[in-house]
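> Sequence and predicted structure, then a few things I'm wondering about:
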Amino acid sequence: MYGEGKLAIQDLAIINERVRSPNIIIALCGLLILFDGYDLIVYGAVAPALLGEASWGLTPGMVGRAASITLFGMLLGALVAGTLADRIGRRKVIIGSLLSFSVMMIGSGLAPDFLVFEGTRFLAGLGLGALFPTVTALIIEFSPPKRKAMAYSIALLGYLAGGIISGILGMLLVQTYGWRPLMIIGGAPILLLPFFIRLIPESPEWLATKNRQTEANQIANQYALPDPVARPVASRQVGIRALFSEGRLLPTLNAWGIHFCSLLLTFGMVNWLPTIMNKMGYDLGSALLFSVTLNLGAAVGLLIGARIADRGNVKIVVAGMFLLGACSIWLLTQVDQGLQVYGLVALAGTGTIGTQILANVLVGNLYPVEIRGTGLGFSLGIGRIGGMIGPAIGGAVLGAGLAPQWNFYIFASVGVLGCVLALMTLLYRKKAD
């Protein structure tokens, strides 16, 4: 009897170990990022409908301003949350940001006027901005060392899935029910908050930096991770100053430039692609289908790029994807109709959204765990300036009466600049890595 009981306990331990695979954390983070991706990318689907909101009397510039205000909130959220996550832990920041943006998305859908709409979009941006760098740090810290790019990319497929879902729901709902249901749906994560509170663990690597080695080892063992090495943080510089010490000045500035370009491209395209294609002669349904195509192309290209990055150098892969994005966006100005347009949009998705995702891996690997949240937060925060400029460019170009193709000329130029910046990180690899 005793032997059978002992065997049952051992079997239960094996089952428990399987359930606590690191893949569970990556999947949970992917679900969090799905909500993040939906709530942000859905704005591109509702932008044409906002322009048709007769009682509000909006112009393209005003719609672009609301998108930029959201990204300004994301900038502030990323700047604060990255450092906060290094101080109080990843888990608390993730839960707080999830609650924040869910409530504000519902508020956006119920907004009685454009001023309230802009306010709730800004506050939603705070939560979205706080979530992304913190989840990124958690994924990197739970991923196998030689599969970080692939693990992160798989989790970030949730972001692309959120964008695809927003595009599909846009095609199904906007023309019949208007834009409000799409915004309210974005608040659905609040229903799953107890689920995430129970299942999201703290990072064992972060716990080790806080001299909580016993807790760190316990969580690491639960998720089949190696015991984190205790780091003498007290003897190392931490916080914002650490981003510019120990040879990190140029890599940090370069990381900011890479995120500036990648976020400008990403948010410029996702916020304005349906409207630009609509202005170029496609009906609204077809224009929204381009948004879905952009995200599908990003998903396929991202997985290919991540596999190559794990086998070689993520910096070279990011540079190549920037260049692919620049070329495909420019070619959209040369092709009028046909299936090749969808192919180019898919490649543009790889070179914009896909590039942004792998750029996060590149930047996250530049920093040790004790300042990883700060490094990612500040890089993504500064990069949000580019994210704000991207939608503003679309509004300015259309508002000035210029041909919509001018958006693509500008975005292609930014892609070339991003390629150069990614290649520059090779010059100081030893100092940064």
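All right, it came through fine.
> who's in contact with stretch 170-182?
42, 45-46, 48-50, 53, 109-110, 166, 169, 274, 284-285, 288-289, 291-292 (Cβ atoms under 8 Å, 6 or more residues apart in numbering). Glycine gets a C-beta too; all of them are placed from N, C-alpha and C.
> what do you get if the cut-off is 10 Å, keeping everything else the same?
Residues from elsewhere that reach stretch 170-182, judged by Cβ atoms under 10 Å, 6 or more residues apart in numbering: 38-39, 41-50, 52-53, 105, 108-111, 166, 169, 185, 274, 284-289, 291-292.
> Got a PyMOL select line for the buried ones in these?
Buried residues among these (16 or more other Cβ atoms under 10 Å), as a PyMOL selection:
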select buried, resi 38+39+41+42+43+44+45+46+47+48+49+50+53+105+108+109+111+166+169+185+274+284+287+288+289+291+292
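> Show only the entries of the contacts of stretch 170-182 found in helices.
38-39, 41-50, 105, 108-109, 166, 169, 185, 274, 284-289, 291-292 (DSSP state H).
> Where does the prediction get shaky in the stretch 101-250 of the chain?
For the stretch 101-250 of the chain, applying pLDDT under 70 flags the ranges 145, 230-239.
> run the last query once more with 90
125, 128-179, 188-189, 191-193, 195-201, 203-250 (pLDDT under 90).
> what ranges do the helices span in it?
Secondary structure of the stretch 101-250 of the chain by DSSP state H, counting those that start in this stretch: the helices cover 114-142, 148-169, 175-177, 180-185, 193-199, 204-209, 213-222, 249-279.
> Compute the inter-axis angle for the second one and helix 249-279.
Spelled out, it's helix 148-169. 20 degrees (axes from the mean of the first three to the mean of the last three Cα atoms, to 10 degrees).
> Of all the residues in helix 148-169, which ones are buried?
So, applying 16+ other Cβ under 10 Å, buried residues of helix 148-169: 148-167, 169.
> Show me what it is packed up against.
helix 22-51, helix 114-142, helix 180-185, helix 249-279, helix 284-311, helix 314-331, helix 355-364 (3 or more Cβ pairs under 10 Å, 6 or more residues apart in numbering; DSSP states H and E).
> can you tell me how far the most centrally placed residue in the chain sits from Gly401?
What sits nearest the mean C-alpha location of the chain, by Cα atoms, centre = their mean, is Phe132, with 5.7 Å. According to Cβ to Cβ, to the nearest Å, Phe132 and Gly401 sit 35 Å apart.
> quick revisit: do you know which of the helices of the stretch 101-250 of the chain lies nearest Val63?
Minimum separation from Val63 across these (Cβ to Cβ) falls at helix 249-279, 8.3 Å.
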